[in-house]
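Visitor: following is a predicted model, sequence given first.
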Amino acid sequence: MSTYVITGGAGFIGSHLSDYLVSKGNRVICLDNLITGRTSNIAQLAGNELFTFIKQDVTNYLFVDGPVDYVLHLASPASPIDYLKYPIQTLKVGALGTHKALGLAKAKGATFFLASTSEVYGDPLEHPQKETYWGNVNPIGPRGVYDEAKRFAEAMTVAYNRYHGLDTRIVRIFNTYGPRMRIQDGRVVPTFVRQILSGEPLTVFGDGSQTRSFCYIDDMIRGLISLIHSSVTEPVNVGNPTELTICQLAELMGSVVGNTPELIHEPLPVDDPKVRQPDITKARDLLGWEPEIGVEDGLKRTIDWFRTDNRYLIPD
């Protein structure tokens, strides 16, 4: 049995990671201030002796009793609607929260894992994006609070690795979707799910030619676990390299539910990336990982889940 501390453990990805680790007989200590996380995401773990939930702002001093083997830092608002609503909190959790989580890992002699993001590449001038690409980020644009928070978090993680010899991992997560996404978090998949299940037109920003690459949550968890338990200290992209335009995603969503949705076009947000596709060569070569679940299959699973557990269709 290993002990894992997961910051942001009641969030979308964090809760799935908690489920997986507990299912394998590990002890999980979940820290979350519930700004964007939800206790309903971890309700299935309530009463499990291997799982502990602590409501905590991780930008404050972190104290965890007993030995810890891994500190997994996932805490952060992760969608534009959230980090535009909480810009200061987003910057603080990327800076102060990362510092506190690194300090906990150093004090416990634990491996530190940072959940970074494809947003460190900004609106990329390289396509697809390799880990060697430094990015094209507007630091004072509306998305800068998230992009720069994660870029700073990566820099601090590498500094702890080089200066303190801390064992560290960095994953750059590309667009991930699946059960437990907040239906009004502003990201395109839950937005389309909500609209299509309500019989509404789908909202497409710009002309819909911008691209994204969507990775189903089960594949993402496999990738994260592979990296956590590897010896790879440099950043690694984890995502599905299948690239779709937003209009293609809308068409695929309609195919899954059996209708042709109407599209409504809205102005493109400031600094919205025009392309997004991971180069996962490093993940394939160093981790032996690649996604197994196609986008159509993943969308079907996601839509079916929202239909079955429709409390997640209720706005926050």
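Guide: That came through, no problem. Numbers count the residues shown, from 1 in each chain.

Visitor: what ranges does the stretch 151-300 of the chain have for its strands?
Guide: Here the stretch 151-300 of the chain has its strands, by DSSP state E, counting those that start in this stretch, at 168-173, 176-177, 202-205, 211-213, 215-216, 236-238, 243-245, 263-266.

Visitor: how far does the third one sit from the chain's center?
Guide: Chain-centre distance of strand 202-205: 22 Å, with C-alpha atoms, centre = their mean, to the nearest Å.

Visitor: try stretch 146-160
Guide: Using C-alpha atoms, centre = their mean, the offset of stretch 146-160 from its chain centre is 15 Å.

Visitor: what's the answer for stretch 35-42, then?
Guide: 14 Å.

Visitor: how long is it end to end?
Guide: One end of stretch 35-42 to the other measures 15 Å (C-alpha to C-alpha, to the nearest Å).

Visitor: which other residues reach that stretch?
Guide: By C-beta atoms under 8 Å, 6 or more residues apart in numbering, the residues outside stretch 35-42 that reach it are 8-12, 14-15, 18, 30, 51, 53, 77-79, 82, 86, 89, 180, 182, 185, 311-312, 316. C-beta here means a position set from N, CA and C on the backbone, and glycine is covered the same way.

Visitor: now, of those residues, which are buried?
Guide: Buried subset of the contacts of stretch 35-42 (neighbour count, 16 or more other C-beta atoms under 10 Å): 8-12, 14-15, 18, 30, 51, 53, 77-79, 82, 86, 89, 180, 182, 185, 312.

Visitor: quick one on the thing from earlier: the strands of the stretch 151-300 of the chain into a markdown table, with extra columns for distance to Asp147?
Guide: As requested, these are arranged in a markdown table below (distance: least, C-beta to C-beta, whole Å):
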| stretch | distance to Asp147 |
| --- | --- |
| strand 168-173 | 12 |
| strand 176-177 | 17 |
| strand 202-205 | 18 |
| strand 211-213 | 16 |
| strand 215-216 | 19 |
| strand 236-238 | 16 |
| strand 243-245 | 20 |
| strand 263-266 | 22 |
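
Visitor: export these to CSV and append columns for mean neighbour count and distance to Lys130.
Guide: Listed next are the strands of the stretch 151-300 of the chain as CSV, based on neighbours: other C-beta atoms under 10 Å; distance: least, C-beta to C-beta, whole Å:
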stretch, mean neighbour count, distance to Lys130
strand 168-173, 24, 10
strand 176-177, 24, 19
strand 202-205, 19, 27
strand 211-213, 21, 14
strand 215-216, 24, 17
strand 236-238, 26, 8
strand 243-245, 17, 15
strand 263-266, 12, 32
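
Visitor: between the ones you listed, which one is nearest to Arg143?
Guide: For the strands of the stretch 151-300 of the chain, the distance to Arg143 is smallest for strand 202-205, at 13.3 Å, taking C-beta to C-beta.

Visitor: what's the first helix or strand after the helix or strand of the chain with the lowest mean pLDDT?
Guide: Across the helices and strands of the chain, mean confidence by mean pLDDT, DSSP states H and E is lowest for helix 80-85: a mean of 91. Per DSSP states H and E, the first helix or strand lying C-terminal to helix 80-85 is helix 87-92.

Visitor: can you tell me which residues contact the nearest residue to His164 once chain neighbours are set aside?
Guide: Once flanking residues are discounted, His164 sits nearest to Lys106: 5.8 Å by C-beta to C-beta, 6 or more residues apart in numbering. With contacts taken as C-beta under 8 Å, 6+ apart, Lys106 has the following neighbours: Phe112, Tyr160, His164, Leu166.

Visitor: element containing Lys106, please.
Guide: Assigning secondary structure by DSSP H and E places Lys106 in helix 98-108.

Visitor: count of neighbours near Val120?
Guide: Per other C-beta atoms under 10 Å, the neighbour tally for Val120 reads 25.

Visitor: and it, helix, strand or coil?
Guide: helix (DSSP: H, G, I helix; E, B strand; the rest coil).

Visitor: related to what we said a few turns ago, tabulate the strands of the stretch 151-300 of the chain (TSV), appending mean pLDDT and distance to Pro291.
Guide: Written out in TSV, the entries for those read as follows (pLDDT from 0 to 100; distance: least, C-beta to C-beta, whole Å):
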stretch	mean pLDDT	distance to Pro291
strand 168-173	98	13
strand 176-177	98	10
strand 202-205	94	24
strand 211-213	95	10
strand 215-216	98	6
strand 236-238	98	9
strand 243-245	96	13
strand 263-266	94	27
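
Visitor: thank you, goodbye.
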